[in-house]
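>>> following is a predicted model, sequence given first.
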Amino acid sequence: MESVQNKSASTLMMVLAYATVYIVWGSTYFFIQKALTGFHPFLLGALRFIAAGLLMMIWCLIKGENIFDIPTIKVAAVSGLLLLFFSNGIVIWVEQFLPSAMVAIMVSTAPMWFILLDKPKWKENLGSRSTIVGLLIGFTGVIVLFSERIIGAFSTIQNKSELVGLAMLVVGSMCWAGGSLYSKYKATSGSIMVKTSWQMFVAGIAFVPFGFVSGEFNDIQWSTIPLDAWMSVLYLTIFGSIVGFSAYVWLLKVQPTTKVSTHAYVNPVVAVLLGIFFANESITSVQILGLVIILGSVLLINLDKYRKESRALQTAKA
């Protein structure tokens, strides 16, 4: 099934999807922090994903799709909770008190969990030396990229909540890999748009009771929320959720998970560049080295694919 899908997916569509996941999701670190200046984390998650899910459902209804396919809803609910409620929710929550550099380094462990949890692909993934080396180099690149900030951040960790946050990010990375693999291997009759709609809607609903229990929904002062926070939520809903997550779910269907997971290495690069261009941050020689290492790792991870395509082309010509 996967080979058929790979053949039917155009190169242009894959390039656009990868560019979306790399660039748009890289920007979400920046916009989540801006949104948290006006919204509490559970409220932010509820607003973002419920709104995105409902908007996509409305679009599916306009297109005449069946949005009440029970098997699709069941699969979407499980994967949506793992991907968006647990994994993304943890990122939102810990960004209240952990520097984005530390969040990025912990989230970048996801590609390794993809390899460890993707049992059907163990032989293929673990048998590809370039893939394994590329993943390790990519993780090293993220460490180099944020090394200066990480050293400073770790030296200031003094309270238990920060240590709990670090542990939660590891769990979040595992949930992201597990939810992605579950979504990839559990085929349903519903379209990707319908599946994505329910993933976001179910995750958004899951944030609501936690918002009430934590007291977030009781003390919110809507009139005091700054415009920047509202605009950040709008960006996260439209681009981070609807556009970015739809591209990601589609890529899982047409590409190997090890290649799709490279977004965890490229997203921090985008986050750093946004800081340079929009937050007047400077870039050091160490960070430049980290950027080069990360981009090189992505090329290495895809080396097997390039070699196979080249051999296939030569065979066809012969």
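That came through fine. Everything numeric here is computed off the predicted structure, so don't read it as measured data.
>>> only C-alpha atoms for contact and neighbour calcs from this point on.
Will do.
>>> for the record, mean pLDDT for the longest helix along the chain?
Assignment by DSSP state H gives helix 160-185 as the longest helix of the chain. Mean pLDDT, helix 160-185: 87.
>>> number of nearby residues for residue 213?
10 (other C-alpha atoms under 10 Å).
>>> and it, how far from residue 32?
Residue 213 sits 22 Å away from residue 32, going by C-alpha to C-alpha, to the nearest Å.
>>> same check, this time on residue 239
For residue 239, the distance to residue 32 - C-alpha to C-alpha - is 12 Å.
>>> on that earlier part again, and the longest helix of the chain, what does it pack onto?
helix 70-80, helix 89-94, helix 100-107, helix 110-117, helix 244-254 (3 or more C-alpha pairs under 8 Å, 6 or more residues apart in numbering; DSSP states H and E).
>>> by how many degrees do that helix and helix 244-254 diverge?
On the basis of axes from the mean of the first three to the mean of the last three C-alpha atoms, to 10 degrees, helix 160-185 is oriented at 50 degrees to helix 244-254.
>>> following element in sequence after helix 160-185, please.
Per DSSP states H and E, helix 160-185 leads on to helix 192-213 as the next helix or strand towards the C-terminus.
>>> what angle do that following helix and helix 160-185 make?
Going by the same axes, to 10 degrees, helix 192-213 makes 160 degrees with helix 160-185.
>>> what separates helix 192-213 from the chain centre, distance-wise?
16 Å (C-alpha atoms, centre = their mean, to the nearest Å).
>>> go on, stretch 250-258?
Distance, centroid of stretch 250-258 to centroid of chain: 13 Å (C-alpha atoms, centre = their mean).
>>> try stretch 63-70
Worked out by C-alpha atoms, centre = their mean, stretch 63-70 lies 26 Å from the chain centre.
>>> state the mean pLDDT of that stretch.
On average, stretch 63-70 scores 93.
>>> how about low-confidence regions in this structure?
Applying pLDDT under 70 to the chain flags residues 1-9, 99-102, 105, 149-150, 152-160, 279, 281-283, 302, 304-318.
>>> now do 50
Residues of the chain meeting the criterion pLDDT under 50: 1-7.
>>> before we move on, which element is the most centrally placed residue in it in?
By C-alpha atoms, centre = their mean, the chain has its centre lying nearest to residue 25, at 6.2 Å. Remark: residue 25 resides in helix 25-35, with elements defined by DSSP H and E.
>>> list the buried residues in the helix or strand just after that helix.
Going down the chain from helix 25-35, the next helix or strand is helix 41-62, by DSSP H and E. Neighbour-count burial for helix 41-62 flags 41-53, 55-57, 60 (criterion: 16 or more other C-alpha atoms under 10 Å).
>>> next: stretch 221-240.
229-230, 232-240.
>>> tell me which of those residues fall in helices.
Short answer: these in helices (DSSP H) are 229-230, 232-235.
>>> tell me who's in contact with residue 116.
Neighbouring residues of residue 116 by C-alpha atoms under 8 Å, 6 or more residues apart in numbering: residue 122.
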